[in-house]
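[1] compute the structure for the input listed below.
(one chain, ligands or ions: 1)
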Amino acid sequence: MVTYKISGARRLCGELDAQGAKNAALPILTATLLTRGLNIIENCPRILDVEVLLDILQHLGCKVTWEEDRLLVDTASADGDSIPEYLMRKMRSSVILFGALLGRLRSGEISSPGGCELGPRPINFHISAFEQMGVVIEERHGCLHGVLEHPHDTTINLEFPSVGATENIMLLAAALPCTTTIYNAAREPEIEDLQAMLCSMGAGVRGAGTPVLVIRGSGKLRPVSHTIIPDRVVAATYLIGAAVTGGELKLNHVQERHLNAATTLLSQSGCQIERLPDGLYLKAPERPRPLGVVRTMPHPGFPTDMQAIFMTYAALAQGCSVMIETIFESRFKHVPELRRLGANIVVDGRMAVITGVPWLYGATVRADDLRGGAALILAGLAAQGETRVLDNGHIARGYQTPEHFLRLLGAKIEALEGHPPALPPEEERDRG
Ligand code: EPZ
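    Here you go, the predicted model:
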């Protein structure tokens, strides 16, 4: 448990390097299971979800060593074929290990995955695709056991461009001596990064970034060196940190095209945005203009992972914005917490109407999921007075020591162990 203690209303100014992308690192590290040897993964973020995945890889017999932000993953002696429930339940994306285990061993066992409570997180698209690919799947004692005896060419039509299902299919298909075609595949930049990794391992993968992916697999995938793409959601988070505190930020090593949806909204609402050779520069407006209607969509639409942080931005705009969450059923848990900081937000089903206020004021709030927690930290940075964000480890799942990087930009923020009670304001303390 952590309490982020923030003294707000301080301009964030300075320069940062973007961290490696959590949602690319997880499938990339999982893909190392398809090889037998030493893989070198560069620009890997040191975050909780990566640590959990490394625990799983070590449980399977991989040797893992950190060298700065370079990760050495030796899979030569990995011989495990099942993952215990206590590890699987620590994060949602563990479901993609099923594809990698089946790719490596032609069999594998996982239990139902965990993750943020964003609504039911079914895995029916994953199961249906694997069964079409010839995997025989049995559910027993809350675990899924799969065996693949006869790989064959398969064409899969995804009902929804699911990121995890696309990645899971890619991981299995890359290791099979046949061709798998996915229609309505997810188009996120993290899919492109996984394609690049699988190709350097020796698979023939084409089409990432488009709705049609063709994977010509190989039974002999080799260990590689791979550099993970920058994290577009973390990048947008720091850009909004500058935007809501009247500051300015130079963000290095971001791929601007991954942030298009975010930078378009930021510039349309008054931020000065400049594209640099290796990054972005943002200067905040006096006060943002409202966002209009923002609908979360699969890439290249506005990303659901940026909904919460943009809600904090909209909460301070000079007018009314509407955000519609079309991807997850229950991704507005940050709204009541933002209201405690003075935001004026009304929710009706999957729609939130945000009427901007001139300022927020500090309070104690609770992070209920990763991106909602980040939104609360941003709100605390903008708020007058002291804000405490009580967090049970959600934020550290995706953000590498945010308190450290925010202090580099001038924020007054500490990450306190546990949830110590807030002391009364100075004047009340003096009265005893
Ligand atoms: C990935 O989750 C990301 N996580 C999420 O980021 C992201 O929000 C999401 O993609 C959408 O972009 C990782 O990459 C580790 P989906 P994933 O499968 O793969 C439904 C973060 O904050 N669905 O694209 O779980 C599902 O319920 C996290 O970094 C099914 O119905 O997302 C959801 O409503 C949060 N059946 C929708 O599809 C399935 O079999 C999108 O899910 C699979 C998904």
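[2] where does the stretch 151-300 of the chain get nearest to the ligand, residue-wise?
    The stretch 151-300 of the chain approaches the ligand most closely through Gly164 (2.7 Å), counting by C-beta to the nearest ligand atom. For every residue, glycine as well, the C-beta is placed using N, CA and C.
[3] got the contact list for that residue?
    For Gly164, the contact set (C-beta atoms under 8 Å, 6 or more residues apart in numbering) comprises Arg92, Ser93, Val95, Ile96, Ile123, His126.
[4] the same query, at a cut-off of 10 Å, please.
    By C-beta atoms under 10 Å, 6 or more residues apart in numbering, the contact list for Gly164 reads 23, 26-27, 92-93, 95-96, 99, 113, 115, 121, 123, 125-126, 186.
[5] next one, pLDDT for it please.
    If you check Gly164, the pLDDT there is 96.
[6] same deal with Asn260?
    On the pLDDT scale, Asn260 gets 95.
[7] sorry, back to before: how much space separates the residue of the stretch 151-300 of the chain closest to the ligand from Asn157?
    Gly164 sits 17 Å away from Asn157, going by C-beta to C-beta, to the nearest Å.
[8] residues contacting the residue nearest to Gln272 when sequence neighbours are not counted?
    Leaving aside its chain neighbours, Gln272 sits nearest to Lys283 (4.1 Å; criterion: C-beta to C-beta, 6 or more residues apart in numbering). Residues in contact with Lys283 (C-beta under 10 Å, 6+ apart) are Cys13, Ala242, Ala243, Gly246, Gly247, Glu248, Leu249, Gly270, Cys271, Gln272, Ile273, Glu274.
[9] which residues of the stretch 1-150 of the chain lie near the ligand?
    Those residues of the stretch 1-150 of the chain that sit near the ligand, judged by C-beta under 6 Å from any ligand atom, are Lys22, Asn23, Leu26, Arg92, Ser93, Cys116, Arg121, Pro122, Ile123, Asn124, Phe125, His126.
[10] can you tell me which two in these are farthest apart?
    Lys22 and Asn124 (24.2 Å; C-beta to C-beta).
[11] the two: who's more crowded?
    Counted by other C-beta atoms under 10 Å, Lys22 and Asn124 do not tie: Lys22 has more neighbours, with 26 against 10.
[12] surely the more buried one meets Ile228?
    Yes. Contact criterion C-beta atoms under 10 Å: Lys22 and Ile228 qualify, at 9.3 Å.
[13] shared neighbours of the two, which are they?
    By C-beta under 10 Å, 6+ apart, the residues touching both Lys22 and Ile228 are Cys44, Pro45, Val50, Glu190.
[14] a helix runs through the third one, doesn't it?
    Just to be clear, that refers to Val50. Yes. Val50: assigned to a helix according to DSSP: H, G, I helix; E, B strand; the rest coil.
[15] chain neighbours aside, what residue packs nearest to it?
    Excluding the flanking residues, the one nearest Val50 by C-beta to C-beta, 6+ apart is Ala25, at 5.5 Å.
[16] and Val294, that one's in a helix?
    No. Val294: not assigned to a helix; according to three-state DSSP it is strand.
[17] quick check: bridge partners of it?
    Met323 (DSSP bridges).
[18] what's the burial count for it?
    Neighbours of Val294 using other C-beta under 10 Å come to 22.
[19] which SSE is Gly14 in?
    strand 13-17 (DSSP states H and E).
[20] partner strands of that strand and their direction?
    By DSSP bridges, strand 13-17 pairs with strand 248-252 (parallel).
[21] what's the partner strand in contact with?
    Residues outside strand 248-252 that contact it (C-beta under 10 Å, 6+ apart): 11-18, 230, 234-236, 238-243, 259, 271-272, 274, 276-284, 409.
[22] in strands, which of these fall?
    Of these, the ones assigned to strands by DSSP state E are 13-17, 272, 274, 276, 279-283.
[23] what's the spacing between Leu416 and the ligand?
    Look at Leu416 and the ligand: by C-beta to the nearest ligand atom, to the nearest Å, they are 24 Å apart.
[24] please name the bridge partners of the closest residue to that residue other than its chain neighbours.
    Closest residue in space to Leu416, ignoring its immediate chain neighbours: Thr3 at 4.4 Å, by C-beta to C-beta, 6+ apart. According to DSSP bridges, the residues that bridge with Thr3 are Leu390, Leu416.
[25] OK, contacts around Thr3?
    Counting by C-beta under 10 Å, 6+ apart, Thr3 has contacts 364, 388-391, 414-422.
[26] hmm, 7 Å instead?
    Arg388, Val389, Leu390, Leu416, Gly418, His419, Pro420 (C-beta atoms under 7 Å, 6 or more residues apart in numbering).
[27] give me the distance between it and the ligand.
    Distance from Thr3 to the ligand, by C-beta to the nearest ligand atom: 21 Å.
[28] ditto for Tyr399
    Distance from Tyr399 to the ligand, counting by C-beta to the nearest ligand atom: 10 Å.
[29] wouldn't Ala262 be in contact with Met306 here?
    Yes. Counting by C-beta atoms under 7 Å, Ala262 touches Met306, with 5.8 Å between them.
[30] what do the two both touch?
    Common neighbours of Ala262 and Met306 are listed as Ala236 (criterion: C-beta under 7 Å, 6+ apart).
[31] so what's the residue count around Leu316?
    For Leu316, the neighbour count with other C-beta under 10 Å is 23.
[32] go on, Ile273?
    18.
[33] swap in the one 4 residues further on?
    Residue neighbour count, defined by other C-beta under 10 Å, stands at 5 for Pro277.
[34] cool, and Pro177?
    11.
[35] got phi/psi on it?
    phi -80, psi 60 (degrees, to the nearest 10).
[36] good, wrapping up.
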